[in-house]
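Chemist: quick check, what structure comes out for this input:
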Amino acid sequence: MERRGGRLVRRRGLRQHRREAARAGRPRCGAGQGRRRHRRVLGGRRTGPHRRLAAQGPAHRQRRPAGRERGGRPPVSRHHIIYGAGAVGGVVGGLLHRAGHRVTLIARGEHLEAILSHGLHLVTPHLDETLDVPAVEGPEELDLTGEEVVHVAVKSDATATVLGRLHAAAPTRTAVVCLQNGVHNERAALRWFGTVLGVCVMLPATHLSPGEVSAGSENVPAILDIGRVPALPDGRVDPLAEEVAAAYTSAGIVSEPRADIMAWKYRKLVSNLGNAVDAACRQDDDAKELARRVRAEGEEVLAAAGIEVVPAETDRERRGDLLRTTQRGPGSSTYQSLARRTGSLEVDWLNGEIVSLAHGLGREAPANDLLRRVANGLVDGEPRSVAARDLLDRLDRA
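Modeler: Numbering: from 1, shown residues only. Model (predicted):
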């Protein structure tokens, strides 16, 4: 605050400058440059929120000039809006920004304030950087023209709210990329927007602290195959899917445009059915058996519904040695939601998707229904506090 003409006036600070730059779509001070966050040093030791990350081992800290992608190519002019800058959105947005793409993050609460105050701290096995990425609280703060690509990276339980806000701020022709788990988000987006693409997200990422995101895979940070929903006739690949895949690739992400992206997303759905077990149950052999059971039930229901699903072996071949984590992460995205006390989970759109399909077929999906109920019951409780053996016994008695 400063005194002007007898009045106290709030000075125009760095956070306000960054908000205004994001709204105007112009680079912020130092945009595109990875910079180290200032750290206090006491007795040769780091203090502050990054001491834990630094203790995990040495990382390469670099400065990347603005306006240059990998390989020296000029930056792509398309404006990428990352709606939901958590684990997945934060990593993808940060990597696109480093590659020279025009990126704006949409975040909220303490996470937004940390990004505005200090930048986005991005950690992978090969880098540790704090990035000056423009960030805002909502799409209404941006002057959207319909030429942008909006990557929706929120959990599925927040999709309806996010799409409602986006529809109020963006033209119908705006392209929406569902950078999400689950299979209902693309259908929801089509109610509001004419160009919708789905991404099969293979990205072991973490977001537990405000302003910090990390990717745990050593060889490549992610595999993000992408395709138009619904698919184009005659098995053609959508040109925009090719463009976004090229943007991902320029950022060091493995990405292939596909005509059958939903078959890949249904395979990922089967994998994500175990998230509720990881979030709710103590980790032991019984938990592994429970996860196996809910996934097997999911496979049965999808087959009965006649839904095309990429074979598990094809999925394993796609991942190959590309996704290899150097150390075990804290847990699934559902576990991270419980650990951060977000107040909601997306299990109704993962396990609940199987339950919904089963009911439509006149049958039940007891394992997925039970896990959905148990996980939702822990929204305000302690993660990994349930004995998987008790749940297996309940299923066996049913």
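
Chemist: and stretch 202-213, what's buried?
Modeler: By 16 or more other Cβ atoms under 10 Å, the buried positions in stretch 202-213 come out as Met202, Leu203, Pro204, Ala205, Thr206, His207, Leu208, Ser209, Pro210, Gly211, Glu212, Val213. Any C-beta I mention is one placed from the backbone N, CA and C, and that applies to glycine too.

Chemist: quick check: the farthest pair among those residues?
Modeler: Met202 and Pro210 (25.6 Å; Cβ to Cβ).

Chemist: first-to-last residue distance for stretch 253-263?
Modeler: 21 Å (Cα to Cα, to the nearest Å).

Chemist: could we number from 43 for the rest of this?
Modeler: Taking 43 as the first residue, the last one we looked at is stretch 295-305.

Chemist: what is the mean pLDDT for that stretch?
Modeler: Stretch 295-305 shows an average pLDDT of 98 in the prediction.

Chemist: pLDDT added to the buried residues of stretch 244-255, as TSV?
Modeler: Shown next, in TSV, are those (pLDDT from 0 to 100):
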residue	pLDDT
Met244	97
Leu245	96
Pro246	93
Ala247	92
Thr248	92
His249	92
Leu250	86
Ser251	93
Pro252	97
Gly253	98
Glu254	97
Val255	97
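
Chemist: out of these, flag the one nearest to Leu399.
Modeler: Nearest to Leu399 among the buried residues of stretch 244-255, with distances taken as Cβ to Cβ, is Met244, at 23.1 Å.

Chemist: show me how far the longest helix belonging to the chain is from its chain's centre.
Modeler: Secondary structure assigned by DSSP state H gives helix 327-346 as the longest helix of the chain. When C-alpha coordinates are averaged (Cα atoms, centre = their mean, to the nearest Å), helix 327-346 and its chain have centres 24 Å apart.

Chemist: low pLDDT regions in the stretch 293-440 of the chain?
Modeler: Low-confidence segments of the stretch 293-440 of the chain, defined by pLDDT under 70: 368-371.

Chemist: let's go with 80 and repeat that
Modeler: For the stretch 293-440 of the chain, the stretches flagged by pLDDT under 80 are 367-373, 375, 377, 379, 381-382, 384-386.

Chemist: and the helices in it?
Modeler: Secondary structure of the stretch 293-440 of the chain (DSSP state H, counting those that start in this stretch): helices at 303-314, 317-322, 327-346, 354-361, 375-381, 393-402, 408-418, 430-439.

Chemist: out of the ones you listed, which is closest to Leu232?
Modeler: helix 303-314 (12.3 Å).

Chemist: now do the contacts for Leu274.
Modeler: Asp280, Ala301 (Cβ atoms under 8 Å, 6 or more residues apart in numbering).

Chemist: and the one 4 residues further on, by the same measure?
Modeler: Contact criterion Cβ under 8 Å, 6+ apart gives Ala301 as the residues in contact with Arg278.

Chemist: how far away is it from Tyr125?
Modeler: 27 Å (Cβ to Cβ, to the nearest Å).

Chemist: thinking again about what came up before, may I have the longest helix of the chain as PDB, with CA atoms only?
Modeler: This file holds the C-alpha atoms of helix 327-346, laid out as PDB (Å, rounded to 0.1, in the frame of the first residue of the first chain):
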ATOM      1  CA  ASP A 327      -2.200 -58.600  -1.000                       C
ATOM      2  CA  ASP A 328      -5.900 -58.300  -0.300                       C
ATOM      3  CA  ALA A 329      -5.900 -54.900  -1.900                       C
ATOM      4  CA  LYS A 330      -4.300 -56.300  -5.000                       C
ATOM      5  CA  GLU A 331      -6.900 -59.000  -5.200                       C
ATOM      6  CA  LEU A 332      -9.700 -56.500  -4.700                       C
ATOM      7  CA  ALA A 333      -8.300 -54.400  -7.600                       C
ATOM      8  CA  ARG A 334      -8.100 -57.400  -9.800                       C
ATOM      9  CA  ARG A 335     -11.700 -58.300  -9.000                       C
ATOM     10  CA  VAL A 336     -13.100 -54.800  -9.800                       C
ATOM     11  CA  ARG A 337     -11.100 -54.700 -13.100                       C
ATOM     12  CA  ALA A 338     -12.300 -58.200 -14.100                       C
ATOM     13  CA  GLU A 339     -15.900 -57.200 -13.400                       C
ATOM     14  CA  GLY A 340     -15.300 -54.000 -15.500                       C
ATOM     15  CA  GLU A 341     -14.000 -56.100 -18.500                       C
ATOM     16  CA  GLU A 342     -17.100 -58.400 -18.300                       C
ATOM     17  CA  VAL A 343     -19.500 -55.500 -18.300                       C
ATOM     18  CA  LEU A 344     -17.800 -53.700 -21.200                       C
ATOM     19  CA  ALA A 345     -17.800 -56.900 -23.200                       C
ATOM     20  CA  ALA A 346     -21.500 -57.500 -22.500                       C
END
